[in-house]
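Turn this into a model:
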Amino acid sequence: MVQSMPDASPAKWHLAHTTWFFETFILSGQLAGYRIFNPEYRLLFNSYYKALGGHPLRQQRGTFSHPSFSNVLRYREHVDEAMQRLLAREPSPETLALVELGIHHEQQHQELILTDILHAFWTQPLRPAYEPPAERAATAAERLRWTAHAGGMVEIGAPDEGFAFDNERPRHSALLLPYRLASRLITNGEYLDFINDKGYSRPELWLSDGWDIVCREGWSAPLYWEKSGGQWCEFSLRGMNPLNPAAPVSHVSYYEADAFARWCGARLPLETEWEQTAKDHTIAGNLLERWTLEALPAQSNAEDQLFGDLWEWTASAYLAYPGFRPAPGAVGEYNGKFMCNQFVLRGGSFSTSASHIRASYRNFFPPHARWQFMGIRLVSHER
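From the prediction side, this is the model:
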């Protein structure tokens, strides 16, 4: 039931909401004779779908003492059994498309459960570890290289075939100027140089809104960094450990990523630049299936870090592609209505499933957010 901040949700709620998705959008209208498990759950576990009526405020989810966890498990078993009956009846392509959407929706919440557990454990005075520290050989950071790309007219967005969220379409042409993308994510050690150069005390490096937050919130380092005995430590799902200078810097906001880029004379990539670079790369890397539970230093084939380790901030506002139309009905609220005051992130993290991510995938968060597994990749100003 723990909800450590308004942006997080209890694990029990994640479990119930993903179950609610299948019941509400599929079973209720597609399976003859389906019995709603509990009519009150339609409101209780609705996240933000206004077309379906009311829903509780997000920050209230941690107060839901009922239903019990065991009841939520029974709810899930009830829906799972009904879904198996539905799938055994050769459902229509339209129904199967909703099932696939529900599976990807659940994969998103699997990742959110880990981010929310991390924040909950961080706010607990004992700072418990989700799993114990892993024994890893110490490695130095790979040398940062700049990979040149010619630019030109390119095709951006998901193709018509195969699964993609509606915000990844329609596929369209975009003009790119020549650019040079960094071969890996920025490391803790490189970000520490920014801190030591008084990066959090220099307003000329910051966007106006970002500087206001730095002053108001007292930011002086990424979220989950803490100084102990003169040494920096970092809290992760593997507990509080000494900062690894070769590992990618994580839990930085868009404002911090942008300020760091300015400090070192570079910029954040456009999402079109990122996608053009990543589209021919195999989806491989430090993803959920490896169960590392932390971002790792780049390996010798450093561009594999395009997928996994950390979501990468881009300089692109989260906006509709030309010709975008949200899906009809309540599921059309999934992405489109959030296309304001957010920035796009690309590439997935160590808690993203490999079957969920792709080069065209557009994640999005407000620029002040830091609790997701977010990192920095740069583009050089030199072409």
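
CA only for contacts and neighbour counts going forward, please
OK.

Remind me which helix or strand Arg216 belongs to.
Using DSSP states H and E, Arg216 sits in helix 208-217.

oh sorry, the question was meant for Leu345
Assigned by DSSP H and E, Leu345 belongs to strand 343-346.

List of residues touching the following helix or strand past that strand?
Per DSSP H and E, strand 343-346 leads on to strand 363-365 as the next helix or strand towards the C-terminus. For strand 363-365, the surrounding residues in contact (CA atoms under 8 Å, 6 or more residues apart in numbering) are 318, 342-346.

Listing partners with orientation, what would you give for strand 363-365?
Using DSSP bridges, strand 363-365 pairs in its sheet with strand 343-346 (antiparallel).

List of residues touching the partner strand?
So strand 343-346 is contacted by 254, 271, 274, 311-318, 359, 361-367 (CA under 8 Å, 6+ apart).

could you redo the last one with a cut-off of 6 Å?
Residues from elsewhere that reach strand 343-346, judged by CA atoms under 6 Å, 6 or more residues apart in numbering: 311-314, 316-318, 362-365.

in what helix or strand does Phe194 lie?
Assigned by DSSP H and E, Phe194 belongs to helix 188-196.

same thing with Glu94?
helix 93-123.

what's the next secondary structure element after that helix?
Where DSSP H and E defines the elements, the next helix or strand beyond helix 93-123 is strand 146-149.

May I see the buried residues of that next one?
Within strand 146-149, the residues scored as buried using 16 or more other CA atoms under 10 Å are 146, 148-149.

got a list of what Glu312 touches?
Glu312 sits next to 345-346, 374-376 when contact means CA under 6 Å, 6+ apart.

quick one, helices of the protein?
Assigned by DSSP state H, the helices in the chain fall at 11-22, 28-30, 41-44, 69-87, 93-123, 188-196, 208-217, 254-263, 271-278.

Show me how far the fifth one is from its chain's centre.
Relative to the centre of its chain, helix 93-123 is centred 10 Å away, using CA atoms, centre = their mean, to the nearest Å.

for the last one, same thing?
If you compare the mean C-alpha spot of helix 271-278 with that of the full chain, they lie 17 Å apart, counting by CA atoms, centre = their mean.

What lies in contact with it?
Identification of contacts with helix 271-278 by CA under 6 Å, 6+ apart yields 314, 316, 359.

ok, 8 Å please
Applying CA under 8 Å, 6+ apart, the external contacts of helix 271-278 come out as 149, 154, 156, 174, 176, 179, 306, 314-316, 344-346, 359-360.

hang on, the earlier thing: okay, buried residues for the helix holding Glu94 please.
95, 98-99, 101-122.

any idea of the mean pLDDT in that helix?
For helix 93-123, mean pLDDT rounds to 96.

Now do that helix: which elements does it pack against?
Contacts defined by 3 or more CA pairs under 8 Å, 6 or more residues apart in numbering; DSSP states H and E place helix 93-123 against helix 11-22.

What is the helix it packs on packed up against?
Packing contacts for helix 11-22, counted by 3+ CA pairs under 8 Å, 6+ apart, involve helix 69-87, helix 93-123.

Let me know which of the ones you listed is the nearest to Phe45.
Of all these, it is helix 69-87 that lies closest to Phe45, at 10.8 Å by CA to CA.

So which elements touch that closest one?
Contacts defined by 3+ CA pairs under 8 Å, 6+ apart place helix 69-87 against helix 11-22.

quick check: angle from the helix it packs on to helix 69-87?
20 degrees (axes from the mean of the first three to the mean of the last three CA atoms, to 10 degrees).

Now do helix 11-22: distance to the chain's middle.
How far helix 11-22 lies from its chain's middle: 18 Å, per CA atoms, centre = their mean.

Low-confidence stretches in the stretch 201-350 of the chain?
300-304, 333 (pLDDT under 70).

Please give me every residue in contact with the nearest residue in space to Gly239 that is not next to it in sequence.
In space, and not counting its chain neighbours, Gly239 is closest to Ala129: 4.1 Å by CA to CA, 6 or more residues apart in numbering. Contact partners of Ala129, counting by CA under 8 Å, 6+ apart, are 121, 236-240.

Could you chop the chain up by domain?
For the chain, automatic domain parsing gives the domain ranges 11-123, 146-380.

how near is the nearest residue to Leu177 once chain neighbours are set aside to Pro269?
In space, and not counting its chain neighbours, Leu177 is closest to Gly151: 4.8 Å by CA to CA, 6+ apart. Per CA to CA, to the nearest Å, Gly151 is found 13 Å from Pro269.

And these two? Which one has more around it.
Under the neighbour definition other CA atoms under 10 Å, Gly151 and Pro269 were set side by side, and Pro269 has more, 23 against 15.

got a list of what that one touches?
181, 313-316, 377-379.

most surrounded residue in these?
Highest neighbour count within those: Trp313, with 30 neighbours (other CA under 10 Å).

Assess the claim that it and Val252 are in contact.
No. Between Trp313 and Val252 there is no contact under CA atoms under 8 Å: 9.2 Å.

who touches both of those two?
Residues touching both Trp313 and Val252 (CA under 8 Å, 6+ apart): 374-375.

on that earlier part again, enumerate the positions of the strand holding Leu345 that are buried.
Of the residues in strand 343-346, 343-346 count as buried by neighbour count, 16+ other CA under 10 Å.

Repeat that for stretch 362-370.
362-370.

now do stretch 269-289
Judged by neighbour count using 16+ other CA under 10 Å, the buried positions of stretch 269-289 are 269-278, 283, 285-288.

Could I get the contacting residues of Ser28?
By CA under 8 Å, 6+ apart, Ser28 lies in contact with 34, 36.
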